[in-house]
Structure formats: structure tokens, C-alpha cells
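1. Fold the stuff below for me.
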Amino acid sequence: MSTTITATRIGRVIALALVASLTAAALAAGQALAAPAARAADSVAYDAIPAALPSNVASLGFSATRTSEFGDRVELAGPSGTLARVEVGFSSWACESGAWSTGDCVTTPGTTFTHPVTVTVYAVAAGGAVGAPLASVTEPVVAPYRPSADAVDCDGKKWWDGSACVSGLLFTHSFDLSAAGAALPAEVIVGIAFDTRNGGAHPAATAGPYDALNVAVEGSATVGADADADVVYLDSSVAGNYETPGATGVFRADAGWAPYGSLMLAIVVDAPSASQPPTTTPTPPSSGADAVAASGAALPASAAETGTSGDDRTVTLTLGPAYENHWFFVVVYSDPVPIGWVWLGPGGTATVTVPAALPGGTHTIAFLDASGNVVAHVAGVSIAALLAATGASEAELMLQMGLGVALLLLGIVGVVAARRRREPAERPRA
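-> Residues are numbered from 1 along each chain as shown. Just a heads-up that it's a prediction; the model follows:
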């Protein structure tokens with residue numbers, strides 16, 4: 001039996017058209033009604049869409065809640081990349097004729113309707129606020145009408161999926177945002193927007209099947225993480241639809257949504273190529289302390305092993321699989337000494353050359369993405385360990401430099417003496 005879920009919002013109950021239309025057994029069984037867009041394992045930055053889609057899940061009705069935009073803040077897995085596409089889960093409650101709520105829903109199998117939907121990826125501003133848009137696209141979404149009502153196995157309003165009576169039909173659409181060429185930071189906010197009779201940037205003049213088009217929630221991240229499963233981002237014209245006090249008609253954070261605070265989203269980035277380093281040069285933090293404070297991950301000292309023999313002046317980096325097959329701009333601190341773009345291959349490994357002018361002391365190695373974000377760092381790498389790669393201690397290097405200078409001076413003196421021996425003697429004057 002399906003149930004209609006209302007969201008209790010701290011002291012008041014607000015019906016938000018959040019509808020759970022599957023029993024636990026049906027969710028476990030799952031029904032792949034629409035295959036998610038292909039997502040290569042090395043390019044998935046965030047994924048909260050199940051591999052096998054159930055018949056339906058809880059969803060937010062845009063028209064019912066006078067919503068213009070709905071979204072979520074997510075943390076991307078591993079290093080950032082260039083945005084390729086965003087996949088969104090929708091729930092269609094629309095009927096080809098009749099309506100889901102009136103017991104006269106009739107649909108010819110396979111029929112669809114089309115409606116424009118905009119997906120925007122935003123930066124995260126201070127305090128989790130919506131930042132500047134990084135990429136946006138509007139595409140026509142081909143949405144299926146839900147199946148006809150079943151009066152035999154169900155209540156005459158819902159449809160029978162073979163395991164349970166359900167109200168909506170879950171499907172996904174993949175939005176292509178590759179044209180923006182946006183390099184994604186570690187966290188982003190994804191917003192989904194479209195017009196209905198009761199909401200949107202340009203509300204429709206008449207009712208249509210888009211009034212029964214919802215955005216699916218109840219996502220569960222298997223790649224990356226929801227930044228806060230109790231918080232979504234909402235733009236509604238109804239003050240009562242917000243739990244967090246603030247203006248209406250503004251796309252902003254709203255709390256009190258657990259367990260429905262994770263939208264069904266997937267973010268895919270283009271897999272970078274080892275032969276094509278980024279063309280930009282990010283600006284690193286001005287100090288090691290700033291780099292550490294901004295870093296997304298503190299890696300163990302074993303992630304940076306120095307050479308130990310001969311004139312080996314290299315550092316072997318082993319950051320782990322989460323960082324493999326990506327470019328990073330490597331900077332050594334305390335004073336920032338850029339090494340440049342370094343490709344981390346399988347296992348997140350690479351070998352870099354230690355700058356000859358690196359001063360003595362304890363160093364931090366920072367790894368930046370193309371946007372200048374410090375993705376990770378390794379602290380406590382001593383200059384003594386790095387100089388050991390040359391086969392000499394710091395004192396020995398100073399002695400060798402002194403001997404070199406002395407030999408250079410002796411050579412100069414020798415050249416001057418030789419020239420004097422070659423000069424002719426002065427003739428006697430009359």
C-alpha cells in the first residue's frame with residue numbers, strides 16, 4: 001500500500017507533495033524503467049541515483065508548492081574536473097487524460113510530453129549560500145505519462161507496478177553542460193528550475209502535464225556526499241514552505257528536510273587526459289599556513305617520499321586512488337615555490353623534481369586544481385630529507401659550494417698570470 005508523506009516542519013505540518021509510492025519490498029526489488037545515462041567510473045563526481053530505478057520515490061511537486069527552483073548542495077568525490085553533464089531524477093504524475101487524483105487516469109503505454117527544464121550549477125558562497133553560477137543549460141525533457149489507474153489491484157487512482165500500487169513514475173534526464181567548460185570546485189549547488197501554472201520565472205497561463213512533474217528526492221549518495229542531508233535549496237513564493245526564516249522567491253538553503261534532503265542527482269566530469277595539462281596557472285595561497293587551512297585533505301608524510309642515492313633530486317608522490325588520473329598544480333611551501341602541473345597516474349602516483357633553490361626547513365607540498373582550490377597537502381616534509389636526494393647534507397653542500405668558488409678564483413688567477421707571461425718585455429727608451 002502506498003502512502004502520502006507530509007513533511008513535519010518543526011511545529012507545523014506542510015503538505016509538500018512528497019509522496020512515497022513504493023513499499024519497502026518494492027524499493028528493494030526495484031524496476032529499471034529508465035536506464036541512467038552512461039557514467040564512466042573514472043568520471044563520476046557525485047551519484048545519488050540508484051543503478052536500477054524503482055517505480056517511484058518521494059518527490060517535490062513544483063506546481064503544488066509554487067516552487068520555481070529546487071536543488072541540493074553536494075560534495076564531489078576526489079579531485080575536481082571539467083563539468084560534462086548533470087543527471088536528474090523526476091517523478092511524473094501526469095496522465096494522458098484524466099488526473100492521478102480523480103480516479104480517471106488513462107494513459108496509452110509509451111506516450112510522453114515535453115517540457116523545458118533548466119539546470120544550473122552554482123559555486124558555494126560563504127555560509128553555504130548560493131554563489132555565482134558556474135554553468136547552466138535549458139533542455140527539453142521528454143517525460144513519460146504515468147500508467148493508467150488500476151481499479152482491480154489498487155484503489156482506482158494508483159497504478160500497479162507488479163509489486164505495489166504507486167502514484168508517479170520515476171525517470172531520469174541527463175543535461176549536457178559541457179559547453180561551459182566549467183572547472184568544478186570541491187562543493188557545488190545544483191538547482192533545477194522550470195515553469196508551471198503556479199510557479200517559475202514565467203508561470204504558464206494554463207494547466208498542463210507539467211503541473212504534475214516533480215523532482216525526485218530520497219537519493220542516496222554512492223559517490224561523493226550530500227553536504228547536509230537535512231538541507232535543500234528552495235525558491236518558493238509561499239513563506240510556509242520554508243523552515244529557515246528569510247525571503248520568499250529566493251533560491252536559498254532550507255532546513256528540516258531529513259529524510260528527504262537528498263535529491264536524486266548525478267554529476268559527471270570529463271576524464272582528463274595525461275597528454276593535455278590545464279592551460280591556466282592557478283594562484284596559490286601566499287603561505288603554507290594558508291594552504292593548510294584551505295586544504296581539502298591532509299595526507300600522510302608517506303605520500304611524499306624523497307630519493308636517497310646519488311644525485312637523485314626527486315620526490316615520489318603516492319596520493320592514492322582518489323587522486324589518480326588527474327592534473328594537479330604542485331606548490332612547495334613555506335615560501336610558495338611552484339613546481340607546476342603534475343599528472344598523477346594510477347594509484348595517484350607521480351615523480352617530481354625538487355627545485356635546486358629550495359631553502360632549508362620543514363616544507364608543505366600542496367596540490368591545487370585548475371580553479372586554485374587546495375585539494376590536498378602533505379605537511380612535515382623536511383628540507384634535510386629532500387637534500388638527501390642529492391647525496392649530500394646541507395653542510396656538505398655548503399662546503400662543496402665554497403670549494404667550487406675557491407677553484408673558480410684559482411682558475412681566474414691562473415688565467416691572468418698566463419696572459420702576463422705572454423706579454424713582450426718593454427723596450428729600452430732612447
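2. where do the helices sit along the chain?
-> Applying DSSP state H to the chain gives helices spanning 24-29, 288-294, 383-387, 394-422.
3. give me the number of residues near the residue lying closest to Trp100 once chain neighbours are set aside?
-> The shortest distance from Trp100 to any residue other than its chain neighbours is 4.7 Å, reached at Trp93 (Cβ to Cβ, 6 or more residues apart in numbering). Glycine gets a C-beta too; all of them are placed from N, C-alpha and C. Neighbourhood size, Trp93 [other Cβ atoms under 10 Å]: 25.
4. which residues does Trp93 contact?
-> Counting by Cβ atoms under 8 Å, 6 or more residues apart in numbering, Trp93 touches Val19, Gly61, Trp100, Arg146, Ser167, Gly168, Leu169, Ala212, Leu213, Asn214.
5. Quick check: the gap between it and Pro203.
-> 19 Å (Cβ to Cβ, to the nearest Å).
6. which residue is nearest the centroid of the chain?
-> Relative to the mean C-alpha position of the chain, the nearest C-alpha, by Cα atoms, centre = their mean, is the one of Leu76, at 3.2 Å.
7. Next, that residue: phi, psi?
-> The phi and psi values for Leu76, taken as degrees, to the nearest 10, are phi -80, psi 150.
8. you'd agree it is up against Glu187?
-> Yes - using Cβ atoms under 8 Å, Leu76 is in contact with Glu187, at 7.0 Å.
9. Please list all residues in contact with Val352.
-> Counting by Cβ under 8 Å, 6+ apart, Val352 has contacts Thr314, Val315, Leu317, Val330, Ile339, Val342.
10. let's go with 10 Å and repeat that
-> Contacts for Val352 (Cβ atoms under 10 Å, 6 or more residues apart in numbering) come out as Ala304, Arg313, Thr314, Val315, Thr316, Leu317, Val330, Val332, Ile339, Gly340, Val342, Ile365.
11. Check Ala186 too.
-> Taking Cβ under 10 Å, 6+ apart, we find Ala186 in contact with 45, 75-80, 124, 224, 296-297, 369, 371, 373-375.
12. Quick one, which of these are buried?
-> Among those, those classed as buried by neighbour count (16 or more other Cβ atoms under 10 Å) are 45, 75-80, 124, 224, 296-297, 369, 371, 373-375.
13. shaky segments in the stretch 251-400 of the chain?
-> 307-313, 360, 382-400 (pLDDT under 70).
14. If you could redo that for the stretch 51-200 of the chain, that was the one I meant.
-> The model of the stretch 51-200 of the chain has pLDDT under 70 over residues 78-80.
15. which residues in it form strands?
-> 59-61, 67-75, 82-92, 112-124, 130-144, 159-160, 165-166, 169-176, 187-193 (DSSP state E, counting those that start in this stretch).
16. ok, back up a step: skipping adjacent residues, who's closest to the residue nearest to the centre of the chain in space?
-> Nearest non-adjacent residue to Leu76 (Cβ to Cβ, 6+ apart): Ala45, at 4.1 Å.
17. Quick check: that neighbour touching Ala322?
-> No - Ala45 lies out of contact with Ala322 (Cβ atoms under 10 Å); the separation is 11.6 Å.
18. quick one on the thing from earlier: please report how far the residue nearest to Trp100 lies from Ala322.
-> For Trp93 relative to Ala322 (Cβ to Cβ), the value is 40 Å.
19. Could you list which residues are in contact with the residue nearest to Gly200 when sequence neighbours are not counted?
-> Leaving aside its sequence neighbours, Gly200 sits nearest to Ser68 (Cβ to Cβ, 6+ apart; 5.0 Å). Taking Cβ under 10 Å, 6+ apart, we find Ser68 in contact with 62, 191, 193-196, 198-203, 234-237, 249-251.
20. Which member of the buried ones among the contacts of Ala186 is positioned nearest Ala51?
-> Checking the buried ones among the contacts of Ala186 against Ala51 with Cβ to Cβ, the nearest one is Gly224 at 15.5 Å.
21. wait, isn't that closest one in contact with Asp72?
-> No - contact between Gly224 and Asp72 fails when scored by Cβ under 10 Å: they sit 11.1 Å apart.
22. Could you tell me which residues touch both of those two?
-> Common contact partners of Gly224 and Asp72 (Cβ under 10 Å, 6+ apart): Tyr46, Ala48, Leu265.
23. What's opposite the spatially closest residue to Pro147 that is not a sequence neighbour in the beta bridge?
-> Leaving aside its sequence neighbours, Pro147 sits nearest to Trp159 (Cβ to Cβ, 6+ apart; 4.1 Å). Taking DSSP bridges as the rule, Trp159 bridges to Val166.
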